[in-house]
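# structure, please.
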Amino acid sequence: MSSTLVPKNKYIANYEMLNDVEIVQNFNNLLTSFLATAINLFVIIRLLHSRTSVHGLRRLLLVQSTVAILGAIAGECANEVQTVGKSGYIKVGHSFLPPSYQGIRYLLCVEDFFSTLIQYIIAVFNLHRLIAVTKPHKIALLYKIFIPITILFCILNSIQYFVDVDYTNQILSTGDMSSLLIVCLICYFKLKKYFAQHASVSIRVARLQHQLNMSMLMQIILQTISTGLVLILPWLISVLYPNANGMEDYSTMILYVILRWLSVLYPALIVWSIWGFLRESPPHSPVIAFTSGDEKSRTERKHSLFA
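Reported below is the predicted structural model:
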């Protein structure tokens, strides 16, 4: 779980696990990182060995899963653990190799970099699919625009730990998440409308396109909700229960434990959305479509999930 919205003076090195609450968080971090890595690795292996004719989006899926694995590794190295009580610190690292002050900053910087990168890959994923079926000649332009923007915002979101202003990045994180959500929503409805208007698309392709639409939309919505909860919930509890010592820390801890499972849910959604294309189809299996012959073949290639 990225800690973009937490003040930098709240971080300390993890020298030891002091109680059961911290041990549970440590185990939860390890388990979610392992499962996220395993599922993303499964996606990569199946894509590399799939006989499906795939091109642009196959590469994007490979990139997304690879970045997600690197993000899971970075998250486990950072191993953020919320302490409870009057201190309210967040421990970083592992007790067997506690990081220095500079090490804490680098660990959190790398974790935030990959967290932001995954969000932008989801947006590019949606834009690629929309442009591939509407204006395929503009695919190159998409990457010329989005690659510099992605790199810029990943750097801006991650270098917060090396600047003096604590809350500058709250505006950046909230702003770019809102922008990415709007982009994904526009792509979702445009793609839904496009495939509804083209009766030449086979039932199989239309169903799998719908699953991928839902998967991408759910990922960005969940990411936006999690960012909002991390920002709002501690403040809300401090306002509602100003005299409840430790309640804010407990609520943040529970929230972090739950949100860590998003890294497992995202690749699971990807598996669900593309499972039909990961399976090997029999050589002569029928495909239900509204066209036939060469026209059906051309239509299937154009509107393929991996066009």
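# for the stretch 51-200 of the chain, give me the ranges with low pLDDT.
51-56, 85-87, 164-176, 198-200 (pLDDT under 70).
# how about the lengthiest helix in the chain: buried residues?
Of all the elements of type helix in the chain, the one with the most residues (DSSP state H) is helix 203-240. Buried positions in helix 203-240, judged by neighbour count with 16 or more other Cβ atoms under 10 Å: 204-206, 208-209, 211-213, 215-217, 219-220, 223-224, 226-227, 229-231, 234, 237. Yep, even glycine has a C-beta here, placed from its N, CA and C like the rest.
# which other helices and strands does that helix contact?
For helix 203-240, the packing partners by 3 or more Cβ pairs under 8 Å, 6 or more residues apart in numbering; DSSP states H and E come out as helix 101-134, helix 168-197, helix 247-259, helix 262-278.
# out of those, the one nearest Val43 is which?
helix 262-278 (5.9 Å; Cβ to Cβ).
# list the contacts of the closest one.
The contact list for helix 262-278 (Cβ atoms under 8 Å, 6 or more residues apart in numbering) reads 1, 32-33, 35-36, 39-40, 42-43, 46-47, 50, 52, 54, 61, 64-65, 68, 71-72, 75, 118, 204, 207-208, 211-212, 214-216, 218-219, 222-223, 226, 305-306.
# also stretch 13-21?
Identification of contacts with stretch 13-21 by Cβ under 8 Å, 6+ apart yields 23, 26, 79, 81, 83-84, 91-95, 98-101, 103-104, 253.
# filter those down to just the ones in strands.
Those of the contacts of stretch 13-21 mapping onto strands are Val81, Lys91, Val92, per DSSP state E.
# a markdown table for the residues you listed, including distance to Arg129 and neighbour count?
Output for these, formatted as a markdown table (distance: Cβ to Cβ, whole Å; neighbours: other Cβ atoms under 10 Å):
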| residue | distance to Arg129 | neighbour count |
| --- | --- | --- |
| Val81 | 38 | 25 |
| Lys91 | 41 | 24 |
| Val92 | 37 | 23 |
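# does Ser178 really touch Ile221, like I thought?
No. With contact defined as Cβ atoms under 8 Å, Ser178 does not reach Ile221; the gap is 11.7 Å.
# only the buried subset of the contacts of stretch 13-21, as a ChimeraX command please.
Selecting only the buried entries of the contacts of stretch 13-21 in ChimeraX, with 16+ other Cβ under 10 Å as the criterion:
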select :26,79,81,83,84,91,92,93,94,95,98,99,104,253
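# out of the helices and strands packed on helix 203-240, flag the one nearest Asn157.
Among the helices and strands packed on helix 203-240, helix 101-134 sits nearest to Asn157 (Cβ to Cβ), with 4.4 Å.
# return the set of buried residues in whichever helix or strand comes after that closest one.
Counting by DSSP states H and E, the next helix or strand C-terminal to helix 101-134 is helix 139-158. By neighbour count with 16+ other Cβ under 10 Å, helix 139-158 contains the buried residues Leu142, Phe146, Thr150, Phe153, Cys154, Leu156, Asn157, Ser158.
# same deal with stretch 64-78?
Quick answer for stretch 64-78 (16+ other Cβ under 10 Å): 64-65, 67-78.
# which of the residues you listed fall in helices?
Filtering the buried residues of stretch 64-78 for helices - DSSP H - leaves 64-65, 67-78.
# end to end, how far does stretch 11-24 reach?
One end of stretch 11-24 to the other measures 19 Å (Cα to Cα, to the nearest Å).
# and it, which residues are buried?
By neighbour count with 16+ other Cβ under 10 Å, stretch 11-24 contains the buried residues Tyr11, Ile12, Ala13, Asn14, Met17, Val21, Glu22.
# now swap in stretch 259-277 and tell me
By neighbour count with 16+ other Cβ under 10 Å, stretch 259-277 contains the buried residues 259-270, 273-274, 276-277.
# thinking again about what came up before, now flag whichever of the ones in helices among the buried residues of stretch 64-78 is closest to Leu127.
Nearest member of those to Leu127, counting by Cβ to Cβ, is Gln64, at 13.6 Å.
# so that closest one touches Asn126, yeah?
No. Judged on Cβ under 8 Å, Gln64 makes no contact with Asn126 at a distance of 11.8 Å.
# what's the distance between Gln211 and Leu269?
From Gln211 across to Leu269, the span is 9 Å (Cβ to Cβ, to the nearest Å).
# about what we covered before: now the ones in strands among the contacts of stretch 13-21 as JSON lines including distance to Ala196?
Below are these laid out as JSON lines (distance: Cβ to Cβ, whole Å):
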{"residue": "Val81", "distance to Ala196": "48"}
{"residue": "Lys91", "distance to Ala196": "51"}
{"residue": "Val92", "distance to Ala196": "48"}
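# in the buried residues of helix 139-158, find the pair that's most separated.
Among those, Leu142 and Ser158 lie farthest apart (Cβ to Cβ), at 23.7 Å.
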